[in-house]
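J.: Got a predicted model here, sequence first, then my questions.
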Amino acid sequence: MTYTYEGMFLVDNDLVRADWAAVKSLVTGLLEKHGGTVRSVRRWDERALAYPIKGRRRGTYMLAYADLPGESMEALKRDLEITDAVLRYLILRADEVPAEEQELAQVESSADFELPAVPDDDEGEYAPVQNVEATEDEESEEGEDASGEESKKKEEPVEAAAASEESN
Amino acid sequence: MKSRHQKKPAPIAGKDEAIDYKNLELLAKCLSSQGQIVSRRRTGLNTQRQRELKQAIKRARHMALLPFVG
């Protein structure tokens, strides 16, 4: 059976710096090798990692959607494990490819797309929310306020999330 | 007198807001300063949604998007 899958791949920054197109085709190549049709691939983000992986403190995330036969999943995962460029991967079933993903992937594959600069060093302060102006206010609400004020607060993160999706 | 009932906080994620491992603004709010997942008492989510949250945080941790500790 063929299903739509969402795959997130954490790739080595050294290789991204050297040749982004090669890294991209490496991942799409792997998906296609196992009988997949790639629906969209894009650079999701470049960020500091929460913990070092194979000595790397930063990495580039790729987000891909592809139709893959379920039986090939084992073999694909085995291939990903032995690929040095891929530090981590996560493959999940998806119901469909989100429309905005397809648009963003198209923007990236157009000729005039320029890859945002990858930092030369491997340093960088980790924060859960990066590449957006960070607002750090943890543990602010205890839930004693009137519900009216809280419903207003609920609206904000949704908009912020939407804005960050676009900027990434 | 101690008050017996503490008011339940409003859910941290609205009904139609997807709890997804990529939604880091939301997930970061559901971690304590030490990196533990915050309890339902604090997130105000129902069991199903809290389970989604747990799953999303664990996925994000695997991808080094969120810390396991600290």
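T.: Thanks, I have the structure now.

J.: how long is stretch A:92-99 from one end to the other?
T.: 18 Å (Cα to Cα, to the nearest Å).

J.: Secondary structure of B:Lys15: a strand, I assume?
T.: No: if the criterion is DSSP: H, G, I helix; E, B strand; the rest coil, then B:Lys15 is coil and not within a strand.

J.: and it, how far is that from chain A?
T.: Distance, B:Lys15 to chain A, by Cβ to the nearest Cβ, to the nearest Å: 10 Å. In short, each C-beta sits where N, CA and C put it, glycine included.

J.: remind me, longest helix of chain B?
T.: Using DSSP state H to define each element, chain B has its longest helix at helix B:47-62.

J.: What residue spans form the domains of chain A?
T.: Per automatic domain parsing, the domain ranges recorded for chain A read A:2-109, A:127-168.

J.: Quick one: list the elements packing against the longest helix of chain B.
T.: Applying 3 or more Cβ pairs under 8 Å, 6 or more residues apart in numbering or on different chains; DSSP states H and E, one finds that helix B:47-62 makes contact with strand A:86-93, helix B:24-29, helix B:40-43.

J.: Need the winner for burial among these.
T.: Greatest average neighbour count among these goes to helix B:24-29 (a mean of 21), per mean count of other Cβ atoms under 10 Å in any protein chain shown.

J.: so what's the residue in chain B positioned nearest to chain A scoring on pLDDT?
T.: Of the residues in chain B, the one nearest chain A is B:Pro9, at a distance of 2.9 Å by Cβ to the nearest Cβ. For B:Pro9, the model assigns a pLDDT of 82.

J.: Next: A:Lys154.
T.: Per-residue confidence (pLDDT) for A:Lys154: 45.

J.: do the one 4 residues further on as well
T.: At A:Val158, the model reports a pLDDT of 47.

J.: Next: A:Asp112.
T.: The per-residue pLDDT of A:Asp112 was computed as 70.

J.: distance of it from chain B?
T.: Distance of A:Asp112 to chain B, given as Cβ to the nearest Cβ: 26 Å.

J.: and that residue, that one's in a strand?
T.: No: if the criterion is three-state DSSP, then A:Asp112 is coil and not within a strand.

J.: mind listing what the spatially most central residue of chain B touches?
T.: The centroid of chain B falls nearest to B:Cys30 when counting by Cα atoms, centre = their mean (3.3 Å). By Cβ atoms under 8 Å, 6 or more residues apart in numbering or on different chains, B:Cys30 lies in contact with B:Ile12, B:Ile37, B:Val38, B:Thr43, B:Leu53, B:Ile57.

J.: about what we covered before: closest to B:Pro67 out of the helices and strands packed on helix B:47-62?
T.: helix B:24-29 (10.1 Å; Cβ to Cβ).

J.: do that closest one and chain A meet at all?
T.: Yes: using Cβ under 8 Å from any Cβ of the partner chain, we find that helix B:24-29 touches chain A at B:Leu24, B:Glu25, B:Leu26, B:Leu27, B:Ala28, B:Lys29.

J.: Quick check, the last one in contact with B:Pro9.
T.: What it means is B:Lys29. No: in this structure, B:Lys29 is not within contact of B:Pro9 by Cβ atoms under 8 Å, at 11.5 Å.

J.: would you put the C-alpha positions of stretch A:108-118 in CSV?
T.: Taking Å, rounded to 0.1, in the frame of the first residue of the first chain, the C-alpha atoms of stretch A:108-118 are listed here in CSV:
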residue,chain,number,x,y,z
GLU,A,108,12.7,27.1,-3.0
SER,A,109,13.0,25.1,-6.2
SER,A,110,12.6,28.2,-8.3
ALA,A,111,15.8,29.5,-10.0
ASP,A,112,16.2,32.7,-8.0
PHE,A,113,16.1,31.0,-4.7
GLU,A,114,19.1,31.7,-2.5
LEU,A,115,20.0,29.5,0.4
PRO,A,116,20.2,31.6,3.6
ALA,A,117,23.8,31.6,4.8
VAL,A,118,24.8,28.8,7.0
